[in-house]
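**Q** Any chance you can model this:
(2 chains)
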Amino acid sequence: MTAQVNYDEVEIGAQLPAGSFPVTRATLVQYAGASGDFNPIHWNEAFARSVGLPDVIGHGMFTMAEAIRVVTDWLGDPGAVLEYGVRFTKPVVVPNDEAGAVIEVTGKVAAKLEDRRVRVDLVATSAGEKVLGMSRAVVQLA
Amino acid sequence: MPLDPSFIGRSYPPTAAYEVGREKIREFAEAVGDANPAYLDADAAKALGHPDVIAPPTFPFLLTYRAAAQVVNDPELGLDFSRVVHGDQRFSYTRPVRAGDRLSVTCTIDSIKSLAGNDILTVRGDVHEESGEHVVTAHMMLVARAAEGE
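**A** Sure thing, here's the model as predicted:
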């Protein structure tokens, strides 16, 4: 593992470069195919509404995959992620149009740990709602 | 009916080995829109010290979710999957998943709790390479919402 970020140069509270990740219905179909998660709430509007959802929603695991990109883009080496956890607080609602939805992700260094590791706390929102809670990654720095 | 807490600690047999292919990693990376060269280019991954392309951090869920079907569909446990939502998800990595790995998942029920009529079930998936090396452990928390009228 060779993260491009040096532990000694990182301060608590430092912001990582933020990310903005668009999601359309086509994105969800592609993710369903790649992941094998074909739950119809992620592609069938009538089904989603029949179970009380406002519209088709994105896969929680898709949001989780996008959020960590803020960390892996910062690190360079995704292999430096040692722990990663999230809580799914609200769904990402994806309307059937070309714009779809956008997942906005910010991250900051929350703690410096032993062995040149740091904890990064992430915030992910879509349409003004917090879609992930307790999102944290522990990463190995150089 | 609430889930039976005596299932806590129950383990299920390891799954048959899943062979991780370079093109499956590429397909997944493309699906999440991530062009990190460590996922796509073996030379770039090697330059970072990996023997082959590695998979994105959430890739192991493909295996652990499939393996958790043993728990979710266990007739003795009696979980009503139509009421289940994914509450939270966590991974602890010994190393990243990489192309060429032959991975097996062992599922264990870590906890069962009842909260305001909801059942909260945590399933741990320990992922090992065929060599016996630990790769990653996934913790999946599922919430089965109370049935109407309960």
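
**Q** From now on I want contacts and neighbour counts done on CA atoms only, so please keep to that.
**A** Fine.

**Q** which stretches of chain A form strands?
**A** With DSSP state E applied, chain A shows strands at A:19-23, A:81-88, A:101-112, A:117-126, A:129-140, listed in chain order.

**Q** just chain B next, same as before
**A** B:18-19, B:84-93, B:102-115, B:118-129, B:134-144.

**Q** picking that back up, quick one: closest of the strands of chain A to chain B.
**A** Nearest of the strands of chain A to chain B, taken as C-alpha to the nearest C-alpha: strand A:81-88 at 3.8 Å.

**Q** Which residues does that closest one contact?
**A** With contacts defined as C-alpha atoms under 8 Å, 6 or more residues apart in numbering or on different chains, strand A:81-88 is touched by A:60, A:64, A:72, A:131-140, B:57, B:86-95.

**Q** Quick one: residues contacting the residue nearest to the spatial centre of chain A.
**A** When chain A is reduced to its mean C-alpha position, the nearest residue by C-alpha atoms, centre = their mean turns out to be residue A:67, at 2.0 Å. Under the criterion of C-alpha under 8 Å, 6+ apart, the neighbours of residue A:67 are A:19, A:105, A:122, A:124.

**Q** Just give the number of residues close to residue A:82.
**A** When neighbours are counted by other C-alpha atoms under 10 Å in any protein chain shown, residue A:82 registers 20.

**Q** separation between it and residue A:5?
**A** Residue A:82 sits 15 Å away from residue A:5, going by C-alpha to C-alpha, to the nearest Å.

**Q** Now the buried members of the contacts of strand A:81-88.
**A** Burial by neighbour count, judged by 16 or more other C-alpha atoms under 10 Å in any protein chain shown, picks out A:60, A:64, A:72, A:131-133, A:135-140, B:57, B:86-95 from these.

**Q** Quick check: which of the strands of chain B is nearest to residue B:74?
**A** Minimum separation from residue B:74 across the strands of chain B (C-alpha to C-alpha) falls at strand B:102-115, 11.5 Å.

**Q** Provide a list of residues in contact with residue A:56.
**A** A:41, A:42, A:43, A:44, A:45, A:48, A:49, A:93, A:94, A:95.

**Q** show me what contacts the residue nearest to residue B:108 when sequence neighbours are not counted?
**A** Spatial nearest neighbour of residue B:108, chain neighbours left out: residue B:11 (4.2 Å); criterion: C-alpha to C-alpha, 6 or more residues apart in numbering or on different chains. Contact partners of residue B:11, counting by C-alpha under 8 Å, 6+ apart, are B:106, B:107, B:108, B:109.

**Q** and the third one, how many neighbours does it have?
**A** The number of residues packed around residue B:108, counting by other C-alpha under 10 Å, is 21.

**Q** what does chain A put close to chain B?
**A** Contact residues (C-alpha under 8 Å from any C-alpha of the partner chain) of chain A with chain B: A:1-2, A:27, A:30-31, A:34-36, A:60-62, A:64-66, A:68-69, A:73, A:76-79, A:81-89.

**Q** on that earlier part again, in TSV: the strands of chain B, plus mean pLDDT.
**A** TSV is the format used below for those (pLDDT from 0 to 100):
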stretch	mean pLDDT
strand B:18-19	98
strand B:84-93	95
strand B:102-115	96
strand B:118-129	97
strand B:134-144	97
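
**Q** With respect to residue B:5, which of those strands lies nearest?
**A** Between residue B:5 and the strands of chain B, the tightest spacing by C-alpha to C-alpha is seen for strand B:102-115, at 5.7 Å.

**Q** who does the closest one touch, helix- and strand-wise?
**A** Here strand B:102-115 touches strand B:18-19, helix B:61-67, strand B:118-129, going by 3 or more C-alpha pairs under 8 Å, 6 or more residues apart in numbering or on different chains; DSSP states H and E.

**Q** check contacts around residue 27.
**A** Just so you know, I chose chain A. residue B:31.

**Q** Chain B was what I was after
**A** Remark: with contacts taken as C-alpha under 8 Å, 6+ apart, residue B:27 is in contact with residue A:34.

**Q** tell me which residues form a beta bridge with residue B:139?
**A** Taking DSSP bridges, one finds residue B:90, residue B:124 as the beta-bridge partners of residue B:139.
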